[in-house]
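> Sequence isn't available, so here's the structure alone:
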């Protein structure tokens, strides 16, 4: 649940979000402010992806430099900023079945609605990079079974991702995804299709199954399709790991270039103080402050009158 100045807000389950949306568009929140902005923009859910998290928090590439302990606090901060259901990237589970169990329990405890793990061999990397390798199917099946057993809440949605298209081909990736469903995953995430034909084949294979893929608009492998087209092909989740991060990075670069050149902040591409205070809910926190300060003043006044 989300902790806010006004109290606690119930978070919709992932299955309910899927049922409402048909297709969930999942921008990546790399920090708490972004999660709040995603909510305000009208999305029904979002993701916390490793690429955006380590890029923004550590200025590192997504090449397995950070693991569960380093990511947990960032994920906690992000989840706490919005009541929307959130899909958390748990990479390869950070080790064997013990590590998978710990990660699932930990992310679930801080409010993750859905969690995905992948079948990459360590050191893992961004799913749209080259040079990937995958673990044997049996190893990933063990991780999926461990993840399913680790859940304390039956509503926690387990998504199993395969990165096998690049190293083994599409047919092998589809077979792997079938095995992961049989091992207890609630849905599958097929990473790295590079043509519309591959997307069509994936959608046909898993018709009626919760199905995800990702799109990196600039530099990624998977072609951009309109959300309605993905839905028509049978996908129910599309992840956008870099859309917000790349746009934000460009905006920061432009702001710094203006500052060093002595140019003032442009009203055309920035918010003002009033809008920012609305985004971070200053009014809500001011109301809390006023309420309890007034109570304290009232108690002092009564005590003074009564002697």
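Cool, the structure landed. The structure displayed is predicted, hence computed values, not measured ones.
> all contacts plus neighbour counts: C-alpha atoms, from now on.
OK.
> pLDDT averaged over the helix or strand where residue 138 lies, what's the number?
Of the helices and strands defined by DSSP states H and E, residue 138 is found in helix 137-150. Average pLDDT, helix 137-150: 98.
> do the same with stretch 24-39
What stretch 24-39 shows for mean pLDDT is 98.
> Could I get the buried residue list for it?
The neighbour-count check on stretch 24-39 (16 or more other C-alpha atoms under 10 Å) flags 24-32, 34-39 as buried.
> that older thread, give me the buried positions along the helix or strand following the helix holding residue 138.
Downstream of helix 137-150, the first helix or strand assigned by DSSP H and E is strand 157-162. Residues of strand 157-162 classed as buried: 157, 158, 159, 160, 161, 162 (neighbour count, 16+ other C-alpha under 10 Å).
> Now do residue 157 against residue 281, distance only.
Shown here: residue 157 relative to residue 281, a distance of 30 Å by C-alpha to C-alpha, to the nearest Å.
> Over to residue 93?
From residue 93 to residue 281 the distance is 35 Å (C-alpha to C-alpha).
> Please apply the same query to residue 95.
Using C-alpha to C-alpha, residue 95 is found at 39 Å from residue 281.
> ok, now residue 46?
In terms of C-alpha to C-alpha, residue 46 sits 20 Å off from residue 281.
> Do a quick rundown of the helices in the stretch 101-250 of the chain.
Using DSSP state H, counting those that start in this stretch, the helices of the stretch 101-250 of the chain run over 137-150, 165-168, 170-182, 196-205, 227-233, 243-260.
> Adding distance to residue 55 and mean neighbour count, write those out as TSV.
Shown next, in TSV, are these (distance: least, C-alpha to C-alpha, whole Å; neighbours: other C-alpha atoms under 10 Å):
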stretch	distance to residue 55	mean neighbour count
helix 137-150	26	21
helix 165-168	24	16
helix 170-182	28	19
helix 196-205	28	17
helix 227-233	26	16
helix 243-260	9	13
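> Any chance of these in CSV with distance to residue 118 as columns?
Converted to CSV, these look like this (distance: least, C-alpha to C-alpha, whole Å):
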stretch, distance to residue 118
helix 137-150, 8
helix 165-168, 13
helix 170-182, 10
helix 196-205, 17
helix 227-233, 22
helix 243-260, 21
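> Between those, which one is closest to residue 102.
Taking C-alpha to C-alpha, helix 137-150 is the member of the helices of the stretch 101-250 of the chain nearest to residue 102, at 7.9 Å.
> what's the closest one packed up against?
Counting contacts by 3 or more C-alpha pairs under 8 Å, 6 or more residues apart in numbering; DSSP states H and E, helix 137-150 is packed against helix 97-109, strand 157-162, helix 170-182.
> Give me the below-cutoff pLDDT ranges for this structure.
Regions of the chain meeting the criterion pLDDT under 70 cover residues 1-9, 295-307.
> What separation do you get for the residue most central in space within it and residue 112?
Centroid-nearest residue in the chain, with C-alpha atoms, centre = their mean: residue 47, separated by 1.6 Å. Using C-alpha to C-alpha, residue 47 is found at 10 Å from residue 112.
> so what sits against both of the two?
86, 87, 88 (C-alpha atoms under 8 Å, 6 or more residues apart in numbering).
> if we can go back for a sec, my read is that the residue nearest to the centre of the chain contacts residue 84, right?
No - using C-alpha atoms under 8 Å, residue 47 makes no contact with residue 84, being 9.9 Å away.
> re earlier: neighbour count winner among residue 46 and residue 281?
residue 46 (24 against 13; other C-alpha atoms under 10 Å).
> What values do phi and psi take at the more buried one?
Backbone geometry at residue 46, expressed as degrees, to the nearest 10, gives phi -160, psi 180.
> Distance check, the nearest residue to it once chain neighbours are set aside against residue 84.
Counting by C-alpha to C-alpha, 6 or more residues apart in numbering, residue 46 lies nearest to residue 26, which is 4.4 Å off, once chain neighbours are set aside. As defined by C-alpha to C-alpha, residue 26 lies at a distance of 11 Å from residue 84.
> Residues in contact with both of these two, list them for me.
Contacts common to residue 26 and residue 84, judged by C-alpha under 8 Å, 6+ apart, are 45, 46.
> now residue 164, nearest residue through space, not along the chain?
According to C-alpha to C-alpha, 6+ apart, the nearest residue to residue 164 is residue 173 (4.9 Å).
> Domain map for the chain?
2-251, 272-307 (automatic domain parsing).
> In CSV, list these along with distance to residue 266.
Formatted as CSV, the domains of the chain follow (distance: least, C-alpha to C-alpha, whole Å):
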stretch, distance to residue 266
domain 2-251, 11
domain 272-307, 10
